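Asker: predicted model follows, preceded by the sequence.
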Amino acid sequence: MDHRVSIIVPTFNRPVVLQATIDQVLAQPFSDYELWIVDQSDPDAAASNLDYVTRKQESRLHYLHLADKGLPNARNEGLARISGEIVIFLDDDVLLLSEDFIGAHLVAYDDPTIGGVVGRHVERSLKMNTGHTACHVSWTGRTIFNLFGTERTFVGSVKGSNMSFRMDVVRQIGGFDRRTHMLEETDFSTRARAAGWKILFEPKAEIVHLSTQAGGVRQKNRLGTEARRFRSTAYYVLKHRGFLGTPGFLGMFFLIALHRTVRMRSLDTLRVLYQAVHTGFAEAMLPPDEVLPRV
């Protein structure tokens with residue numbers, strides 16, 4: 001059965017919070033949707049998730065387990081299987097605050113120029129770094145973020161924990177780039193905007209983002225997290241702005257690397273972060289990996 005809306009929830013080793021998130025989606029008043037759980041969990045968590053889905057006996061609920069881990073790939077595997085014309089992505093650790101969360105995303109698409117929507121985020125741990133509603137990567141490579149506003153406005157990027165797109169956008173520009181390790185939704189949004197689509201912030205589509213420490217894409221150590229950010233930002237900057245766009249990024253991230261080196265009290269920090277930038281630039285010289293799988 002085809003649905004107007006498809007919802008994709010990638011998950012990794014968070015069975016308890018995932019199941020709470022799914023229960024909230026299934027309780028929404030808008031019901032013409034399919035819900036895909038794309039699970040990359042280890043065996044114990046995956047078994048718990050599959051048992052939960054089976055016990056639900058809900059025809060709208062679908063389960064897919066992937067052995068290969070990676071958030072862009074999980075989203076692409078979901079995109080290859082859905083039937084809706086609007087696709088909503090949720091993280092596996094969110095609380096839906098809007099009574100009609102799905103409807104709030106859908107109404108934004110009454111404007112045919114809107115290609116993507118990002119909802120309001122109440123962040124439990126992530127700190128906003130600007131006073132106005134914004135979501136984009138600056139010319140120095142910093143992610144500028146504040147999705148706590150109360151008024152509709154256009155923004156540069158969505159945020160993966162609460163975002164949606166027209167499938168027309170996917171058919172036009174492809175899927176998420178598997179070479180990204182962070183900023184995959186920013187990369188996708190940048191490509192969508194370059195193709196002529198607008199990205200809208202819709203405050204009525206509101207969530208609490210729990211940023212649960214267990215599972216997800218977080219690294220086990222601070223340096224690993226920083227290296228992943230440096231690598232991903234280098235990839236994004238060179239891919240979308242070319243070599244002329246790198247000086248501001250290199251200057252800012254060199255200062256950040258020095259600061260992290262002092263805080264971590266290890267000169268090895270500088271080496272690891274330099275290598276991360278080098279790897280990101282090298283990956284950006286390769287063709288992107290944005291093609292959806294055939295299923």
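Answerer: Okay, I see it.
Asker: who's the nearest residue to residue 122 once chain neighbours are set aside bridged to?
Answerer: In this structure, residue 122 finds its nearest non-sequential neighbour in residue 208, 4.5 Å apart by CB to CB, 6 or more residues apart in numbering. For the C-beta atoms, the positions are set from N, CA and C on the backbone; glycine is no exception. According to DSSP bridges, residue 95, residue 122 are recorded as the beta-bridge partners of residue 208.
Asker: against residue 202, how distant is residue 208?
Answerer: Per CB to CB, to the nearest Å, residue 208 is found 16 Å from residue 202.
Asker: who's more crowded, those two?
Answerer: Higher neighbour count among residue 208 and residue 202: residue 202, with 22 against 17, using other CB atoms under 10 Å.
Asker: quote the end-to-end distance of stretch 192-204.
Answerer: End-to-end distance of stretch 192-204 (CA to CA, to the nearest Å): 23 Å.
Asker: just the buried residues of it, please?
Answerer: Neighbour-count burial for stretch 192-204, counted by 16 or more other CB atoms under 10 Å, picks out 192, 193, 197, 199, 200, 201, 202, 203, 204.
Asker: quick one: residues contacting the fourth one.
Answerer: Going by CB atoms under 8 Å, 6 or more residues apart in numbering, residue 199 touches 114-118, 154-158, 189, 192-193.
Asker: doesn't it fall inside a helix?
Answerer: No. Residue 199 is assigned strand when assessed by DSSP: H, G, I helix; E, B strand; the rest coil, not a helix.
Asker: what's the closest non-adjacent residue to it?
Answerer: residue 116 (4.6 Å).
Asker: name the next helix or strand downstream of whichever strand or helix holds the one you found, please.
Answerer: Secondary structure from DSSP states H and E places residue 116 in strand 114-123. Once the chain leaves strand 114-123, the next helix or strand it forms, by DSSP H and E, is strand 134-137.
Asker: which strands and helices lie in contact with that next one?
Answerer: Here strand 134-137 touches strand 143-146, helix 184-194, helix 222-241, going by 3 or more CB pairs under 8 Å, 6 or more residues apart in numbering; DSSP states H and E.
Asker: low-confidence regions, the stretch 101-250 of the chain specifically.
Answerer: 213-220 (pLDDT under 70).
Asker: how about the strands in the chain?
Answerer: Here the chain has its strands, by DSSP state E, at 5-11, 33-39, 61-65, 86-90, 94-96, 114-123, 134-137, 143-146, 153-154, 162-166, 198-209.
Asker: turn the ones you listed into CSV, columns for distance to residue 237.
Answerer: Formatted as CSV, the strands of the chain follow (distance: least, CB to CB, whole Å):
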stretch, distance to residue 237
strand 5-11, 25
strand 33-39, 28
strand 61-65, 33
strand 86-90, 24
strand 94-96, 29
strand 114-123, 21
strand 134-137, 7
strand 143-146, 12
strand 153-154, 22
strand 162-166, 22
strand 198-209, 19
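Asker: out of those, which comes closest to residue 256?
Answerer: Nearest to residue 256 among the strands of the chain is strand 143-146 (12.1 Å), distances taken as CB to CB.
Asker: contact partners for residue 117?
Answerer: For residue 117, the contacting residues are 105, 108, 109, 158, 163, 164, 165, 199, 200, 201, 202, 205, by CB under 8 Å, 6+ apart.
Asker: test my guess that the third one contacts residue 166.
Answerer: I take that to be residue 109. Yes. Counting by CB atoms under 8 Å, residue 166 is a contact partner of residue 109 at 6.6 Å.
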